[in-house]
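Visitor: The sequence and its predicted three-dimensional model are supplied below.
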Amino acid sequence: MNITSLHQNKDIRINAIYDILRHSSVTMGELSDMFDVSTKTIQRDYNEILKFNGIVKDGRKLCFDPNFDMGNLNSTQKTVLGILDEMAKNVGGEFYGRAHTLLSQISSQIDHHIFTNYKSETLSSTDIDKFIKFEQAIKDKCIASFTYNGYKYYVKPLKLAFFDGYWYLLVLDKNDNDKFKKFHIKSISDIEKAGEIFEIDSTLDERLKMANSIWFQLENEPFDVRLHVDNEYVKYFERRPLRTQSITGKDADGSIEVTVTVTYKMEIIPLILSSIPYVRVLEPQWLADEVKKSIKKYLKSI
């Protein structure tokens, strides 16, 4: 990817500037030309981020301060870097190598006592390249084409999403009347930008942010599910709330009533089944009946 194509992604631009400044001193004007942005944008990058993370002015030029390391960071910044570094290990060796390098640009001595163990598929360098291509297409609002399970798709890419350990691309399928679909990113190949620009309703982006799981259905009308949560299980809903969750009542024994807005039954059913006997459906009745049916079917099979 040409460096000038990175200018619309601030995070990528900042990381690229770090790479440049670690090896040479460059003026803001030169960086402006490299990234095809205004000098005011580079100045803003410096004022808001760069000068707090090891980049200093030497006359008219910017350069990396070789003395900048963990000693310059406060305890909160050190902890955040440690968490990010440790979490990156769960995504795989190649991704961790890149992430660790970027974090090390901020600090030369990432040292922490943090351990994480969450389920996440590994990301290779090929997968990271897919992220870059799709993120640029999303920002440019450009139709993209790719191959998936042997079929060629032309889509309006909307979001890169992480659900339950897997990465997905959320799109509107151009050849299927803009139907909302999801594709497992690691299974996608032959990505190209088709060149055609599209527009998206501003309300669509807000709706996407309310997805509780990959089962989210954009075309469905949202509906509320009311749950009763026993007091022994309340802490799990408080520690890890769903995006559309709200606590609507609390009983004397410490149990609570929770309302979750969903677009499809499978957004909530897996959570209910995994939380039995501490969670039960109060409303709607048809969902409570479906959960009972699933439990009876399972008990009958064992």
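Guide: Good, I have the coordinates. Numbering: from 1, shown residues only.
Visitor: Stretch 132-143: how far from the chain's middle?
Guide: Taking the mean of its C-alpha atoms, stretch 132-143 sits 15 Å from the chain's own mean (CA atoms, centre = their mean, to the nearest Å).
Visitor: can you list the residues that contact that stretch?
Guide: Stretch 132-143 is contacted from outside by 1, 5, 8-9, 12, 144, 154-160, 169, 174, 185, 191, 193-200, using CB atoms under 8 Å, 6 or more residues apart in numbering. In short, each C-beta sits where N, CA and C put it, glycine included.
Visitor: go again using 6 Å as the cut-off
Guide: Stretch 132-143 is contacted by residues 8, 144, 154, 157, 160, 169, 191, 193, 194, 196, 197, 198 when judged by CB atoms under 6 Å, 6 or more residues apart in numbering.
Visitor: Chain neighbours aside, what residue packs nearest to the second one?
Guide: If I follow you right, that is residue 144. residue 137 (4.5 Å; CB to CB, 6 or more residues apart in numbering).
Visitor: mind checking pLDDT for residue 90?
Guide: Residue 90 is assigned a predicted lDDT (pLDDT) of 64.
Visitor: ugh, typo on my part, it should be residue 132
Guide: If you check residue 132, the pLDDT there is 86.
Visitor: burial count for it?
Guide: Around residue 132 there are 15 other residues, counting by other CB atoms under 10 Å.
Visitor: that's a strand at it, yeah?
Guide: No - Residue 132 sits outside any strand when classified using DSSP: H, G, I helix; E, B strand; the rest coil, being helix.
Visitor: ranges for the helices of the stretch 201-302 of the chain?
Guide: Along the stretch 201-302 of the chain, counting by DSSP state H, counting those that start in this stretch, helices occupy 202-208, 234-239, 269-274, 285-301.
Visitor: got the contact list for the longest one?
Guide: The set of residues that contact helix 285-301 without belonging to it, under CB under 6 Å, 6+ apart, is 272, 281.
Visitor: Could you do the second one as well?
Guide: Helix 234-239 has contacts (CB under 6 Å, 6+ apart) with 229, 256, 258.
Visitor: Buried ones in it, by neighbour count?
Guide: For helix 234-239, burial by neighbour count (16 or more other CB atoms under 10 Å) applies to 234, 237.
Visitor: cool, and the last one?
Guide: Of the residues in helix 285-301, those scored as buried under the neighbour-count criterion (16+ other CB under 10 Å) are 287, 288, 291.
Visitor: Just the mean pLDDT for it, thanks.
Guide: On average, helix 285-301 scores 95.
Visitor: ok now that helix, how far from the chain's centre?
Guide: Centre to centre, stretch against its chain (CA atoms, centre = their mean), the figure for helix 285-301 is 33 Å.
Visitor: Alpha carbons of that helix, as PDB, please.
Guide: Presented in PDB, the C-alpha positions along helix 285-301 are these (Å, rounded to 0.1, in the frame of the first residue of the first chain):
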ATOM      1  CA  GLN A 285     -43.700 -15.700  26.500                       C
ATOM      2  CA  TRP A 286     -42.900 -17.200  23.100                       C
ATOM      3  CA  LEU A 287     -39.200 -16.900  23.900                       C
ATOM      4  CA  ALA A 288     -39.700 -18.500  27.300                       C
ATOM      5  CA  ASP A 289     -41.500 -21.400  25.600                       C
ATOM      6  CA  GLU A 290     -38.700 -21.800  23.100                       C
ATOM      7  CA  VAL A 291     -36.100 -22.000  25.800                       C
ATOM      8  CA  LYS A 292     -38.200 -24.600  27.600                       C
ATOM      9  CA  LYS A 293     -38.500 -26.600  24.400                       C
ATOM     10  CA  SER A 294     -34.700 -26.500  23.900                       C
ATOM     11  CA  ILE A 295     -34.100 -27.700  27.500                       C
ATOM     12  CA  LYS A 296     -36.600 -30.600  27.200                       C
ATOM     13  CA  LYS A 297     -35.100 -31.700  23.900                       C
ATOM     14  CA  TYR A 298     -31.600 -31.800  25.400                       C
ATOM     15  CA  LEU A 299     -32.800 -33.600  28.600                       C
ATOM     16  CA  LYS A 300     -34.600 -36.200  26.400                       C
ATOM     17  CA  SER A 301     -31.400 -36.800  24.400                       C
END
